[in-house]
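Peer 1: only geometry, no sequence info:
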């Protein structure tokens, strides 16, 4: 069976000693990032990108992926013990998880969160494996025309499903596209918007932009709202949940996994949508909804499962079509490009060892997380005691050195500084920077495919509609955009994404 | 405090920002050949994207004037200036002073962003971080940056 062979090939890559090591490093760093409130996974991945240049593409992706789902996992520890989401995806876990901790059931909550995440991670790995093959077969039929439409779909869907105003997000995508155009034009060799700066001729590096917008901008804004952290005082007594707890949590886990897997594949859902939807679902299905908010175990199990399943299935568009579902996946694409791999619909057939290795490593990594998290919970709790006043200067320093390190260029440090200012401005005016990063990374591909498609079709724009696959994709785009105008959907979307 | 004006400051500022970026782009790319759809010049895409951005910018600016009077949270200068300054100091001095010294200075500058910082705590911490950074980035990863002033 093909699927079985593929997974086996993936496992043989994932279980190579150095890949195991990088997976472990990834999940440990990820957990640490998730536990510590104050820096999200996007600047962390950006910061660590330079470290992966020396690695093989598979090792690099395995480590970066580990950081991502590790961070999702670590966030729940902080949510349960401190009532501060270490990460956006853990916001919901705060509600019932912290309540359980206050009732002296912190151990049970942590264990359920870990078990739910592991369960979801395992199932999501299988979902990815099953879905990848048909998607990659479809992808082989793609020419520049279809790929352009697909890129448009990726960008639009990311905008529609993400939170915040759609119009503002669209504007941010355009802003990203514009930044992506900076540099020497590949076809004509003419410099565009480089302002005579040599460092700009290769285009803008996305690492300083991501670090400035997401990392430093966020730090500056964080410093304006002083937050106190209170770790729940009592010791964590028992990490082994009772039979009754498990029985209550299991159905929620299954539903959360299913919901998370579906929502994760959709572009732009990102980290926030799956846990929120799962929480709403559990509350709706519960016999006694009033228990929610007062320590309901389903309120931890469902969202944690959804969260982790979504984190993993969001790799599907990246691994099969070469399209990022969210800003973090955009950074992963960037990592691939720096490794000399052109992401696109052919990625699965051209890089099977890489793709399947990453998929298999996710299951391996989830197993590691289970082992790292439960026995070592004390270590993570003690990390929470590092005060923010020491944490953020360290992050600033590492951002500076990391940005410099990508190309040994001080220009990048200045660029990061400018982006920090812009990122702070974005926070003040209430726009999400994530779509900008997507636009920036996809911009060059979008232009290239557009130009190629127009060249083939001799400047005839209808080519995007006369080819069936492309027309179908654009039909989805149109439906999404039209749906956004429907007041009913706008209302539900607001409710689903309300924090 | 913003209720006296019917201006949505968030929309207005974002709109003006987009208009500025779009105008800047149109000016910066005015000499590039645009070409036509079948054979696009280097100026085609920048022009298209900038015009779309301009549209969005004008839309937000307009909406800002007929807004609901939403203000923006007060800007605190201390964290903003301290973080920007610490990055700026790094950019100015890294290659001249070397990583060991610039790391200490960067961390000290950054820690000025909050009033909570205490010099007696920050300086030893900065020195420790500087040591760690040199070990990690120069010794382990071979970043070609001098450790000491040259």
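Peer 2: That came through fine. Predicted model only: the values in this text are computed from it and were never measured.
Peer 1: What residues does residue A:363 make contact with?
Peer 2: Contacts were defined as Cβ atoms under 8 Å, 6 or more residues apart in numbering or on different chains; by that measure residue A:363 touches A:14, A:121, A:122, A:125. C-betas here are computed from N, CA, C, even on glycine.
Peer 1: what's the closest of these to chain B?
Peer 2: residue A:14 (24.8 Å; Cβ to the nearest Cβ).
Peer 1: quick one on the thing from earlier: overlap between the contacts of residue A:363 and the residues near chain B?
Peer 2: With Cβ under 8 Å from any Cβ of the partner chain as the criterion, the contacts of residue A:363 include none near chain B.
Peer 1: Of these, which belong to helices?
Peer 2: If you go by DSSP state H, the contacts of residue A:363 have A:14, A:121, A:122, A:125 in helices.
Peer 1: A PyMOL selection for those, restricted to the buried ones, would help me check which they are.
Peer 2: To isolate the buried members of the ones in helices among the contacts of residue A:363 in PyMOL, using 16 or more other Cβ atoms under 10 Å in any protein chain shown:
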select buried, chain A and resi 14+121+122+125
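Peer 1: Which member of the ones in helices among the contacts of residue A:363 is positioned nearest residue A:366?
Peer 2: residue A:121 (3.4 Å; Cβ to Cβ).
Peer 1: got the residue ranges for the strands in chain B?
Peer 2: B:35-36, B:39-40 (DSSP state E).
Peer 1: What number of neighbouring residues does residue A:367 come out with?
Peer 2: 15 (other Cβ atoms under 10 Å in any protein chain shown).
Peer 1: The closest residue to it other than its chain neighbours: which element?
Peer 2: Computed as Cβ to Cβ, 6 or more residues apart in numbering or on different chains, the closest residue to residue A:367 that is not its neighbour in sequence is residue A:118, at 7.3 Å. Following DSSP states H and E, one finds residue A:118 within helix A:106-139.
Peer 1: next helix or strand past that helix?
Peer 2: By DSSP H and E, the next helix or strand past helix A:106-139 is helix A:144-161.
Peer 1: list the contacts for the residue of the stretch 201-350 of chain A found nearest chain B?
Peer 2: Residue nearest to chain B within the stretch 201-350 of chain A (Cβ to the nearest Cβ): residue A:223, separated by 3.7 Å. By Cβ under 8 Å, 6+ apart, the contact set of residue A:223 is A:392, B:76, B:78, B:79, B:83, B:113, B:114.
Peer 1: now those: which count as buried?
Peer 2: A:392, B:79, B:83, B:113, B:114.
Peer 1: ok, the second one - contacts?
Peer 2: Contacts for residue B:79 (Cβ under 8 Å, 6+ apart) come out as A:219, A:220, A:223, A:224, B:113, B:114.
Peer 1: Not including adjacent chain positions, what is the nearest residue to it?
Peer 2: residue A:223 is the one closest to residue B:79 (Cβ to Cβ, 6+ apart), at 3.7 Å.
Peer 1: Among the contacts of residue A:223, which lie within helices?
Peer 2: A:392, B:78, B:79, B:83.
Peer 1: Taking those residues together, which two end up most distant?
Peer 2: Farthest pair in the ones in helices among the contacts of residue A:223, by Cβ to Cβ: A:392 and B:78, 13.1 Å.
Peer 1: Mind listing the shared neighbours of these two?
Peer 2: A:223, B:113, B:114.
Peer 1: Just put those in JSON lines and tack on distance to residue A:293.
Peer 2: What follows is the shared contacts of residue A:392 and residue B:78, written out as JSON lines (distance: Cβ to Cβ, whole Å):
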{"residue": "A:223", "distance to residue A:293": "31"}
{"residue": "B:113", "distance to residue A:293": "36"}
{"residue": "B:114", "distance to residue A:293": "33"}
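Peer 1: is it true that residue A:169 touches residue A:432?
Peer 2: Yes - shown here, residue A:169 and residue A:432 form a contact pair, counting by Cβ atoms under 8 Å, at 6.4 Å.
Peer 1: quick one, which of the two is more surrounded?
Peer 2: residue A:169 (26 against 18).
Peer 1: Would you list the phi and psi of that one?
Peer 2: phi -70, psi -40 (degrees, to the nearest 10).
Peer 1: Would you mind measuring from it to chain B?
Peer 2: Noted for residue A:169: a distance of 11 Å to chain B, by Cβ to the nearest Cβ, to the nearest Å.
Peer 1: nearest spatial neighbour of that residue, skipping sequence neighbours?
Peer 2: residue A:159 (4.1 Å).
Peer 1: From residue A:457, how far off is the residue located most distally from the centre of chain B?
Peer 2: Ranked by distance from the centre of chain B (Cα atoms, centre = their mean), the top residue is residue B:38, with 37.5 Å. Distance check for residue B:38 against residue A:457: by Cβ to Cβ, to the nearest Å, it reads 8 Å.
Peer 1: Residue A:146 now?
Peer 2: 13 Å.
Peer 1: Closest approach to chain B from chain A, which residue is it?
Peer 2: For chain A, Cβ to the nearest Cβ, closest residue to chain B: residue A:459, 2.9 Å.
Peer 1: Return the most buried member of the strands of chain B.
Peer 2: Mean neighbour count (mean count of other Cβ atoms under 10 Å in any protein chain shown) peaks for strand B:39-40 among these, with a mean of 18.
Peer 1: and residue A:441, what does it touch?
Peer 2: A:176, A:180, A:206, A:324, A:330, A:331, A:333, A:334.
Peer 1: Just give the closest residue to the first one, not the sequence neighbours.
Peer 2: Using Cβ to Cβ, 6+ apart and skipping residues adjacent in sequence, the residue nearest residue A:176 is residue A:439, 2.3 Å away.
Peer 1: right, and that neighbour touches residue A:172 too?
Peer 2: Yes - counting by Cβ under 8 Å, residue A:439 touches residue A:172, with 7.0 Å between them.
Peer 1: which residue packs closest to the most centrally placed residue in chain A, ignoring adjacent ones?
Peer 2: In chain A, the centroid-proximal residue (Cα atoms, centre = their mean) is residue A:328; its distance is 4.2 Å. Counting by Cβ to Cβ, 6+ apart, the nearest residue to residue A:328 once its immediate chain neighbours are dropped is residue A:42, at 5.6 Å.
Peer 1: quick revisit: could you tell me the phi and psi values at the residue farthest from the centre of chain B?
Peer 2: Dihedral angles (degrees, to the nearest 10) for residue B:38: phi -70, psi -20.
Peer 1: Quick check: the gap between it and residue A:147.
Peer 2: 19 Å.
Peer 1: Let's see the pLDDT reported for residue A:232.
Peer 2: Model confidence at residue A:232, given as pLDDT, is 61.
Peer 1: Over to residue B:54?
Peer 2: Value for residue B:54, per-residue pLDDT: 95.
Peer 1: Just give the number of residues close to it.
Peer 2: Every residue meeting other Cβ under 10 Å relative to residue B:54 is counted, giving 18.
Peer 1: Do I have it right that it meets residue B:22?
Peer 2: Yes - at 3.8 Å, residue B:54 and residue B:22 qualify as touching, with contact defined as Cβ under 8 Å.
Peer 1: isn't the residue farthest from the centre of chain B right up against residue A:456?
Peer 2: No - applying Cβ under 8 Å as the test, residue B:38 and residue A:456 come out as separate, 9.6 Å apart.
Peer 1: dump the residue contacts of the residue nearest to residue A:367.
Peer 2: Counting by Cβ under 8 Å, 6+ apart, residue A:118 has contacts A:308, A:366, A:367, A:369, A:370.
Peer 1: Kindly report the same for residue A:449.
Peer 2: Residue A:449 touches A:144, A:145, A:147, A:148, A:151, counting by Cβ under 8 Å, 6+ apart.
Peer 1: Near chain B, which residues of the stretch 251-400 of chain A? Just list them.
Peer 2: A:387, A:388, A:389, A:390, A:392, A:393, A:394, A:396, A:397, A:398, A:399, A:400.
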